[in-house]
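**Q** Give the three-dimensional model of this entry:
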Amino acid sequence: MKTIAVILSGCGVQDGSEIHEAVLTLLAIEQAGARYQCLAPNIAQHQVVDHSTGKPVANEKRNVLQEAARIARGKILDIAQAKPADYDAMIFPGGYGAALNLCDFAHKGSEHSVQKDVLHFAQAMVKAGKPAGFICIAPVLISKIYGKGVQLTIGNDAETAQTLEKMGARHINCPVQEIVIDEQHKVVTTPAYMLAQSITQAQAGIDKLVHKVIKMI
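**A** Residues are numbered from 1 along each chain as shown. Model (predicted):
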């Protein structure tokens, strides 16, 4: 049975992993006959947001690994301790935590850097020729992991697409229910909640992404 590493960035769309995207990813993996292992960096969240108001909570501290464990029902590993050889592919759900905690794109744009443990794991997977999926805003990580020239999508947001192209990516506009495939780099992307207006819209693209990533193994 193929094992997919699912890299989470916390719990909650505004300061961690987008919960719908994460759960839909896990469900699609199981439905495709594979299994998953959730991973997350053991670091402090950049910020904590009250999701009932959308506002940051002053002086509150949370840990990315501990928060991501909520989604994983406790079955999660510190990505610094994970062995790339144990996994056949990797998938990054979206949520603003991908741009806040897995990297600092939210603050530095094209000059951002990827969190060191996440980068080490991801680049080892790439070096081993293993496929990957990036959902929603998570494709902002791609150029820092793979280098220039990867074909990808974050939907049709012109400003974000321009920033990605400045970093060397080849952005393709894509509707919510579809995926963009870079066969050379074994990378699959889908817009999900960059465009989705409902959970079913997000599900369509995520299902296609998961099945394509598994097919690439």
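**Q** got the contact list for the helix or strand where Cys38 lies?
**A** Using DSSP states H and E, Cys38 maps to strand 35-40. With C-beta atoms under 8 Å, 6 or more residues apart in numbering as the test, strand 35-40 has contacts from 1-10, 25-26, 29-30, 64-65, 68-69, 71-72, 75-79, 82, 86-87, 121. In short, each C-beta sits where N, CA and C put it, glycine included.
**Q** Among those, name the ones in strands.
**A** The strands, defined by DSSP state E, take in 3-7, 76-78 from the contacts of strand 35-40.
**Q** So among those, which ones count as buried?
**A** When the ones in strands among the contacts of strand 35-40 are checked for burial by 16 or more other C-beta atoms under 10 Å, the buried set is 4-7, 76-77.
**Q** So how do I select the buried members of the contacts of strand 35-40 in ChimeraX?
**A** A single ChimeraX command selects the buried members of the contacts of strand 35-40 (16+ other C-beta under 10 Å):
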select :4,5,6,7,8,9,10,25,26,29,64,65,68,69,71,72,76,77,79,82,87,121
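**Q** I'd like the next helix or strand past the strand holding Cys38.
**A** Past strand 35-40, the next helix or strand by DSSP H and E is strand 49-50.
**Q** what angle sits between the top helix by length along the chain and strand 3-7?
**A** The longest helix of the chain (DSSP state H) is helix 199-216. Relative orientation of helix 199-216 versus strand 3-7 (axes from the mean of the first three to the mean of the last three C-alpha atoms, to 10 degrees): 130 degrees.
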